[in-house]
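**Q** Sharing a model that was predicted from the sequence below.
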Amino acid sequence: MKGFKIDLEKATLENTDYRRVLYTAHNSQLVLMSLKPGEEIGEEVHKLDQFIRIEQGEAKSVLNGVEGILKANDAIIIPQDTVHNIMNVGSTDLKLYTVYTPPEHKDGTVQKTKADEKEEHFDGVTTE
């Protein structure tokens, strides 16, 4: 089968890795993330657009200095060149998935914890 099919809610809720790239196409990428209470992605800015959906937990978003609260079933779109951060402000693990357009990370990237995070930018290699 060309493309990718998954029970995304189930996969997101079961994911325990800080970052797990599930699928990379030429123009988009699907990534699961899990942040421990008090953990944050860290302030960053991309030359791409990003969609984030929260499946579990409570997060604080900061986009160009504007703060907001995100909870389960909420989504946010972060346009390119937006300085942003997502922080787990809840008492449980924050479970989310994100879609980058175009891809941001190397296909197959798995970072078990935030401490394992390193910049492995998309190198042009897709899942299929």
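**A** Cool, the structure landed.

**Q** can you give me the strands for this protein?
**A** If DSSP state E is used as the criterion, the strands of the chain fall at 19-24, 29-35, 49-56, 58-63, 66-71, 75-78, 84-88, 94-101, 110-111.

**Q** contact partners of the last one?
**A** Meaning strand 110-111. With contact meaning CB atoms under 8 Å, 6 or more residues apart in numbering, strand 110-111 is reached by Asp17, Tyr18, Arg19, Arg20, Val21, Glu117, Lys118. C-beta coordinates here come from the backbone N, C-alpha and C atoms, glycine included.

**Q** Now with 10 Å, please.
**A** With contacts defined as CB atoms under 10 Å, 6 or more residues apart in numbering, strand 110-111 is touched by Asp17, Tyr18, Arg19, Arg20, Val21, Leu32, Met33, His105, Asp116, Glu117, Lys118, Glu120.

**Q** ok, so of those, who is nearest His46?
**A** Relative to His46, the closest of those is His105; by CB to CB it sits at 10.9 Å.

**Q** Let's have the contacts of strand 110-111 in CSV, adding distance to Ile77, pLDDT and neighbour count.
**A** Written out in CSV, the entries for those read as follows (distance: CB to CB, whole Å; pLDDT from 0 to 100; neighbours: other CB atoms under 10 Å):
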residue, distance to Ile77, pLDDT, neighbour count
Asp17, 23, 98, 16
Tyr18, 22, 98, 20
Arg19, 19, 97, 22
Arg20, 21, 98, 21
Val21, 20, 98, 23
Leu32, 18, 99, 24
Met33, 16, 99, 21
His105, 18, 95, 19
Asp116, 27, 91, 12
Glu117, 23, 87, 14
Lys118, 26, 83, 7
Glu120, 24, 81, 15
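
**Q** Just the closest of the residues you listed to Phe4, please.
**A** For Phe4, the closest of those turns out to be Val21, at 11.4 Å, with distances computed as CB to CB.
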